[in-house]
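Visitor: Sequence and predicted structure, then a few things I'm wondering about:
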Amino acid sequence: MERRHLGECGSTNTEALAHLRDGGGPLIVSADRQTAGRGRLGRAWQSDQRGDDASLTFSVALPLPAGLDLSGLSLAVGCTVADVLDPAGDRIRLKWPNDLFLDGAKLGGILIETVPLPGERRGVVIGIGLNLRPLPADADRSAFASGHAALQSLDANATAATTLDRLAPALRALLADFEALGFGPWQLAFSRRDLAAGRPVRVGEQTGIARGVSTSGELLLDTDSGMSIITAGELSLRLEPSP
Ligand SMILES: O=C(O)CCCC[C@@H]1SC[C@@H]2NC(=O)N[C@@H]21
């Protein structure tokens, strides 16, 4: 897959979407710095600006068949990233639908965006942001609502380049498998790293016990009024009323 590295850009997802709109093929675009990185639900993605190797930000761009069901793709991507970075499987957990946690704090996130393409194709962009370097002890952590974990706590030698080199082939293989098989084969893998499983959680107005995900990657929430199947939303592991 073609790779492009930028010193600075607004968002690697924006670059990848523009590439697909312009008729481009599969591409991985990474950047040292993003000036307008974005996360899910319209939030900004704050990556560490202390220079190279403080964080890794990149996007995978791929034209796919328009009819392909993308349900569960962010979970399958999370499983793949976690398996590459933590093959022993005991440190990185996944919080439905798109967060990576290391030792209980947020290590990174995944943002999937799509763009209609001519013919029977749809452009799919998978954006991934990972913290590499731990924050200094006196850093202001208020911007990190889910805490801040860094990959170098797991692998002291992790750099942006080496981490991307490890992830790129695994993500390429995942996308080929996902195109052929959908999310089903990752349901078990997700359950092994599911941060919320068996815990009381809130999603929007609903509270209950998280019971894993369906074969399409929907969250199964055991509520007082029965099992609720949730396709999208923000999962909170705390039960205080939402702000
Ligand atoms: O946690 C989230 O809400 C998802 C964060 C995704 C951040 C990555 S960084 C690379 C790519 N470019 C962006 O603007 N966002 C994604």
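Guide: On my side now, so go ahead. These numbers were taken from a predicted model, which means no experiment stands behind them. Numbers count the residues shown, from 1 in each chain.
Visitor: Three-state assignment for residue 207, please.
Guide: On the three-state scheme (DSSP: H, G, I helix; E, B strand; the rest coil), residue 207 is labelled strand.
Visitor: Kindly report the same for residue 78.
Guide: Residue 78 - assigned by three-state DSSP - is helix.
Visitor: thought it was touching residue 190?
Guide: Yes. Shown here, residue 78 and residue 190 form a contact pair, counting by Cβ atoms under 8 Å, at 7.5 Å. C-beta: built from backbone N, CA, C; applies to glycine.
Visitor: residues from this protein in reach of the ligand?
Guide: 11-13, 34, 37-40, 43, 45, 57-59, 98-99, 109-111, 127-129 (Cβ under 6 Å from any ligand atom).
Visitor: switch the cut-off to 8 Å
Guide: For the chain, the residues found near the ligand under the criterion Cβ under 8 Å from any ligand atom are 10-14, 31, 34, 36-41, 43, 45, 47, 57-59, 98-99, 106, 108-111, 127-129.
Visitor: List buried residues within those.
Guide: The neighbour-count test (16 or more other Cβ atoms under 10 Å) applied to the residues of the chain next to the ligand identifies 11-14, 31, 34, 37-40, 45, 47, 57-59, 98-99, 106, 108-111, 127-129 as buried.
Visitor: If you count neighbours, what's buried in stretch 138-156?
Guide: 148, 149, 150, 151, 152, 153, 154.
Visitor: want to try a markdown table for the residues you listed, with secondary structure and pLDDT as columns?
Guide: Formatted as a markdown table, the buried residues of stretch 138-156 follow (DSSP: H, G, I helix; E, B strand; the rest coil; pLDDT from 0 to 100):
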| residue | secondary structure | pLDDT |
| --- | --- | --- |
| 148 | coil | 92 |
| 149 | coil | 96 |
| 150 | coil | 97 |
| 151 | helix | 98 |
| 152 | helix | 97 |
| 153 | helix | 96 |
| 154 | coil | 96 |
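Visitor: Could you list every helix and strand that whichever strand or helix holds residue 100 packs against?
Guide: Per DSSP states H and E, residue 100 falls inside strand 99-102. Strand 99-102 is packed against helix 73-85, strand 92-95, strand 105-116, with contacts defined by 3 or more Cβ pairs under 8 Å, 6 or more residues apart in numbering; DSSP states H and E.
Visitor: Who are the packing partners of the helix or strand just after the last one?
Guide: Sequence-wise, the next helix or strand beyond strand 105-116 is strand 121-131, with elements assigned using DSSP H and E. Of the remaining helices and strands, those touching strand 121-131 by 3+ Cβ pairs under 8 Å, 6+ apart are helix 12-21, strand 55-65, helix 73-85, strand 105-116, helix 160-181.
Visitor: Thank you kindly, that will do.
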